[in-house]
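**Student:** Attaching a predicted model along with its sequence, questions to come.
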Amino acid sequence: MKEQHAQEGGAPSIRFLIPYFGRWPFWFEFFLESCRRNPSIDWLLFTDCPIPDDAPGNVQFTRIGFDEYCELVSARLGIDFRPRDPYKLCDIKPALGAVHADALAGYDFWAFGDIDVVYGDLRRYFTADRLSRKDLFATHQRRISGHLCLLRNTPRMINAFRRIPRWQQRYEDQAHQALDEGAFSRIFIRHKNWPEPLQRFAARFNTWNRQSEFMEAHSTYTLHEDGRRVVPETWFFREGRLTNSEQGGTELPYLHFMVWKNSAWKGVSPDVLLGPPGLPKADAWQIGPQGWRALPVEERVQ
């Protein structure tokens with residue numbers, strides 16, 4: 001599949017690696033449909049969940065039990081990785097390129113991320129020109145974004161996680177330590193609490209920083225120039241492109257709906273949140289604290 005995608009316009013090939021165990025979340029069909037709208041990008045999920053019958057062709061699944069997956073991680077990284085809670089898998093996201101190097105053969109970039117997201121037009125954001133300039137692309141200004149981070153498929157970037165202090169012991173520790181967004185970030189961004197001019201000066205001497213991009217993509221919150229952090233009231237999906245009520249017509253690469261998932265949607269029946277049947281496959285819809293809703297006809301074309 002990667003070879004076919006590489007012929008479609010010559011864009012760098014990308015494959016997401018996502019382990020997920022337990023039960024698919026109720027919004028999973030929206031996630032899959034947003035992947036379908038990005039046909040030149042591949043996803044590979046490692047899971048013990050049932051494989052959806054109508055999954056897009058660019059989303060592949062490897063069926064594997066959680067314990068067996070942890071044994072694979074242990075063998076590939078040379079550690080004893082036996083977490084009791086699948087949430088610990090967040091810590092090893094930066095190491096997924098090493099764990100699954102065999103699944104990345106021929107790809108130009110690999111990515112880690114989450115499934116509580118809806119993608120917009122990723123190629124419109126990660127253009128070939130943009131990808132030619134750096135080796136790591138984070139979608140926050142000051143740290144790695146665990147819900148989407150893109151890395152060049154080179155030995156240097158695949159093994160960058162090994163620069164995390166005591167990474168072996170921290171991976172073996174049962175406690176979740178947010179290593180994907182904390183310790184991994186500090187390889188690329190140091191002294192982030194220094195005044196900005198000093199940060200820029202220090203970054204000139206950090207080769208890891210020079211080869212990385214940290215740019216706010218407004219996926220969870222919208223950050224305004226005056227420092228305000230705002231959760232947009234509504235996001236709009238129109239034929240694979242995402243905008244929100246806070247930024248007008250500005251097109252954004254993806255929505256990370258963690259805020260609603262952890263607050264407004266708590267205790268609400270999925271039937272109420274998912275909107276009418278067939279909505280995920282519709283060309284236009286909106287999402288907000290009330291869940292997914294059909295987009296009024298007059299708003300379907302922007």
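**Tutor:** Nice, I can see it.
**Student:** which residues does the residue nearest to residue 65 when sequence neighbours are not counted contact?
**Tutor:** Spatially, and ignoring its direct neighbours in sequence, residue 65 is nearest to residue 48 (5.2 Å; C-beta to C-beta, 6 or more residues apart in numbering). Yep, even glycine has a C-beta here, placed from its N, CA and C like the rest. With contact set as C-beta atoms under 8 Å, 6 or more residues apart in numbering, residue 48 has these partners: 21-22, 63-66.
**Student:** What ranges does the stretch 201-302 of the chain have for its helices?
**Tutor:** Using DSSP state H, counting those that start in this stretch, the helices found in the stretch 201-302 of the chain span residues 207-210, 258-262, 270-273.
**Student:** likewise the stretch 1-150 of the chain?
**Tutor:** Secondary structure of the stretch 1-150 of the chain, counting by DSSP H, counting those that start in this stretch: helices at 2-7, 28-36, 66-77, 96-99, 122-125, 128-131.
**Student:** wait, which of those helices is closest to residue 245?
**Tutor:** helix 28-36 (18.3 Å; C-beta to C-beta).
**Student:** average model confidence for that closest one?
**Tutor:** In this model, helix 28-36 carries a mean pLDDT of 98.
**Student:** Give the other helices and strands that that helix contacts.
**Tutor:** Contact partners of helix 28-36 among helices and strands, from 3 or more C-beta pairs under 8 Å, 6 or more residues apart in numbering; DSSP states H and E: strand 59-63, strand 117-119.
**Student:** how about 6 Å then?
**Tutor:** strand 117-119 (3 or more C-beta pairs under 6 Å, 6 or more residues apart in numbering; DSSP states H and E).
**Student:** strand partners of the strand it packs on, parallel vs antiparallel please.
**Tutor:** Paired neighbours of strand 117-119 in the sheet (DSSP bridges): strand 254-256 (antiparallel).
**Student:** So residue 14 sits against residue 43, correct?
**Tutor:** No: contact between residue 14 and residue 43 fails when scored by C-beta atoms under 6 Å: they sit 9.4 Å apart.
**Student:** which residues sit in contact with the residue nearest the centre of the chain?
**Tutor:** The residue lying closest to the centre of the chain (C-alpha atoms, centre = their mean) is residue 148, at 2.4 Å. Residues near residue 148 by C-beta atoms under 6 Å, 6 or more residues apart in numbering: 113, 139.
**Student:** count of residues packed around residue 97?
**Tutor:** 27 (other C-beta atoms under 10 Å).
**Student:** and what of the one 3 residues further on?
**Tutor:** By the criterion of other C-beta under 10 Å, residue 100 has 20 neighbours.
**Student:** Can you give me the pLDDT of it?
**Tutor:** Looking at residue 100, its pLDDT reads 98.
**Student:** how close does residue 162 sit to residue 133?
**Tutor:** To residue 133, residue 162 is 24 Å away according to C-beta to C-beta, to the nearest Å.
**Student:** ditto for residue 287
**Tutor:** From residue 287 to residue 133 the distance is 32 Å (C-beta to C-beta).
**Student:** what do you get for residue 181?
**Tutor:** Applying C-beta to C-beta, the value for residue 181 to residue 133 is 23 Å.
**Student:** These two: which has the busier surroundings?
**Tutor:** Between residue 181 and residue 133, counted using other C-beta under 10 Å, residue 181 has the larger neighbour count: 19 against 9.
**Student:** distance of the more buried one from residue 109?
**Tutor:** Counting by C-beta to C-beta, the gap from residue 181 to residue 109 is 19 Å.
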